[in-house]
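Participant: For reference, the sequence and a predicted model appear below.
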Amino acid sequence: ADSVVVDISDATDGSLEVALHPKNAELGKREVKTGKQVLIDQTDAQQIAVSDTVTFINWGNMSITAVTKDPKTGLVTKIDAKLNLDNKDFKKTLKVTWIETSATIPAILTYFEHIISKPVLKPDDDFKNFINRDTKLEVQGLTDSALKSLKKGDIIQIQRKGFFICDSVYDEKTIRFAGKAAPVVLISIPDGSTDLNIFPKSVQEWKKKTLLLSQNTDNKSAPKGATDLAKILADIKECGDSVRQLKADKASKEQITEKVNKLLALKTEFKTKAGIEWKPDIQLSQITDNKSAPKGATDLANKSGPKGATDLAKILADIKECGDSVRQLKTDKASKEQITEKVNKLLALKTEFKTQAGVDWKPDIQLSQLKQSNPSGGDQSNDIQKLDALVRAQGEVVRKLKTEKAAKDVITESVNKLLSLKADFKKAYGKDWTPDLQLNQTNGTNGGGNSGNAGQELDDLVQKQADSVRQLKSDKADKALVDEAVK
């Protein structure tokens, strides 16, 4: 199931002279046999469609005429192709490794995993809970007949598969005793790569199970469905690696789009089950914390604050995720429209945060700071002053979005929040909010109670905003974000 036969109708039996290593000519050359039937990996076959042009490494381009799949399993069982060697355009084609069917020898590829599934044990961890009882996997397959000459202890690099050390040599002497030659046994050498696509399909599934074990044992208090979430996280990582590999191989736009759509679907499924947006460094333990946060840490300590001042932790997580997305789009050199759309979403999230928390967002802000900055008293005049400040701040945001000609839905969302705040103000104050409203005329004692510290508070705000600007510039944030912080 890990290999697929490719029938090349117009190919002839022959050989090619290729370098032993594509980047080191000093190692010499070897002969590679060609013919009408070759084998490729199932993982590569899954990415091939009819009419595609596929590059067979060291041979040339092939035009795909048919792809046959098993209707029950979805696995590719056969591919038909024709030579297209005159086509020298390799920029946007899928690159696959291959072996001519008669030029193979049996091999056993051996993979190992860590005995302890958790990288670092805490003082109160019981190591028995983190023992991995499935640490070895042997995969039987076929490899290039050139490996007949390997000696025990030789280290080789197999193209697109990684490094291996020879543990047992290929031996034809066993044929008279066992009826078949002893396969070459190779042990995989970890090289730090996180791309699961370099492994056979069975090894990919095995490594996903190991990842599930480490995450589940490390988080016994995880919410119901944590096993599903861990699998989705592993699938997202694998799919993301696949997208990056396709881009690196300059695959066709259709192949990349298909993978990207699958990645987006996985992230949507994750959000549906976890209740929060996916982000690159997310852990199952964070999901547990966020599930319990809205009833505790995410609420403002000031219970007399405006209705809806909740779930700040989720907003903070969304801001971080959206900021990471903006930076990733810039790294990938995405279109201006895509970046602008994400930036507008980021601005809207920061506005929502300010509306809920009563303070501007900054990169290093913590929920504990919000608790300390909100008074614990229930004085009505303080609530009114806070609402007045929120209305004015939200009004500024609406005007800024209109000036920058932001998306209509972003402006509408901000306007609706402004109207909601004005309604809260009228309910608390008994009168409609107006721009020239002077609250200190109604409550002079409260108005003057904070005047003694006004200068110090203003100085603190200026200092915090300056820190925020420096942080954004250090992170090479979007110019629109830096300009907003400066203003």
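Facilitator: Received the coordinates, thanks. These numbers were taken from a predicted model, which means no experiment stands behind them. Numbering: from 1, shown residues only.
Participant: can you confirm residue 62 is in a strand?
Facilitator: Yes: Residue 62 forms part of a strand when assessed by DSSP: H, G, I helix; E, B strand; the rest coil.
Participant: so what's it up against?
Facilitator: 6, 8, 53-56, 81-84 (CB atoms under 8 Å, 6 or more residues apart in numbering). Using the backbone N, CA and C atoms, a C-beta is placed for each residue, glycine as well.
Participant: residue boundaries of the strands in this protein?
Facilitator: For the chain, the strands defined by DSSP state E occupy 3-8, 14-19, 29-34, 37-41, 53-56, 60-69, 76-83, 94-96, 99-100, 104-112, 136-144, 155-158, 162-168, 184-189.
Participant: how big is the angle separating the first one from strand 104-112?
Facilitator: An angle of 140 degrees separates the directions of strand 3-8 and strand 104-112 when computed by axes from the mean of the first three to the mean of the last three CA atoms, to 10 degrees.
Participant: How about the longest one?
Facilitator: Strand 60-69 and strand 104-112 meet at an angle of 80 degrees, taking the same axes, to 10 degrees as the criterion.
Participant: so how far is strand 60-69 from its chain's centroid?
Facilitator: Distance, stretch centre to chain centre, for strand 60-69: 31 Å (CA atoms, centre = their mean, to the nearest Å).
Participant: buried residues in that strand?
Facilitator: 61-64, 67 (16 or more other CB atoms under 10 Å).
Participant: Nearest the middle, which residue of the chain would you pick?
Facilitator: residue 280 (4.5 Å; CA atoms, centre = their mean).
Participant: okay, it: pLDDT?
Facilitator: Note on residue 280: pLDDT of 78.
Participant: so it makes contact with residue 327?
Facilitator: No: here residue 280 does not reach residue 327: they are 10.6 Å apart, not a contact under CB atoms under 8 Å.
Participant: From residue 125, how far off is residue 119?
Facilitator: 11 Å (CB to CB, to the nearest Å).
Participant: quick one, which of the two is more surrounded?
Facilitator: The neighbour comparison of residue 119 against residue 125 (other CB atoms under 10 Å) goes to residue 125, with 14 against 9.
Participant: where's that one relative to residue 230, distance?
Facilitator: 19 Å.
Participant: Could you do residue 278 as well?
Facilitator: 13 Å.
Participant: These two: who's more crowded?
Facilitator: residue 230 (21 against 17).
Participant: Spit out the contact partners of residue 401.
Facilitator: 344, 347, 410-411, 414.
Participant: Out of those, which one has the lowest pLDDT?
Facilitator: pLDDT across these is lowest for residue 410, at 76.
Participant: Okay, domains of this structure per the record?
Facilitator: If you go by automatic domain parsing, the domain ranges for the chain are 3-100, 104-218, 225-287, 296-450.
Participant: Got phi/psi on the residue nearest to the centre of the chain?
Facilitator: Main-chain torsions, residue 280, degrees, to the nearest 10: phi -60, psi -40.
Participant: State the distance from it to residue 17.
Facilitator: For residue 280, the distance to residue 17 - CB to CB - is 44 Å.
Participant: One more: residue 195?
Facilitator: Taken as CB to CB, the span from residue 195 to residue 17 is 30 Å.
Participant: next one: residue 326
Facilitator: Applying CB to CB, the value for residue 326 to residue 17 is 49 Å.
Participant: picking that back up, which of the contacts of residue 62 sits closest to residue 136?
Facilitator: Minimum distance to residue 136 across the contacts of residue 62 is 31.6 Å, recorded for residue 6 (CB to CB).
Participant: Enumerate the beta-bridge partners assigned to that closest one.
Facilitator: residue 38, residue 79 (DSSP bridges).
Participant: dump the residue contacts of it.
Facilitator: Counting by CB under 8 Å, 6+ apart, residue 6 touches 37-40, 62, 78-81, 98.
Participant: now, which of those sits nearest residue 392?
Facilitator: residue 40 (64.7 Å).
Participant: Wait, that closest one touches residue 4, no?
Facilitator: Yes: at 5.5 Å, residue 40 counts as touching residue 4 under the criterion of CB under 8 Å.
Participant: Which neighbours do the two have in common?
Facilitator: By CB under 8 Å, 6+ apart, residue 40 and residue 4 have these common neighbours: residue 79.
Participant: Show me which of these two is the more surrounded one.
Facilitator: Counted by other CB under 10 Å, residue 40 and residue 4 do not tie: residue 4 has more neighbours, with 23 against 20.
Participant: Excluding chain neighbours, what is closest to that one?
Facilitator: residue 45 (4.2 Å; CB to CB, 6 or more residues apart in numbering).
Participant: residue ranges with poor pLDDT in the protein?
Facilitator: 1, 211-227, 283-311, 366-382, 439-487 (pLDDT under 70).
Participant: check contacts around residue 148.
Facilitator: Contacts of residue 148 (CB under 8 Å, 6+ apart): 105, 170, 184.
Participant: Make JSON lines out of these and add distance to residue 141 and neighbour count.
Facilitator: JSON lines is the format used below for the contacts of residue 148 (distance: CB to CB, whole Å; neighbours: other CB atoms under 10 Å):
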{"residue": "105", "distance to residue 141": "10", "neighbour count": "17"}
{"residue": "170", "distance to residue 141": "13", "neighbour count": "20"}
{"residue": "184", "distance to residue 141": "11", "neighbour count": "22"}
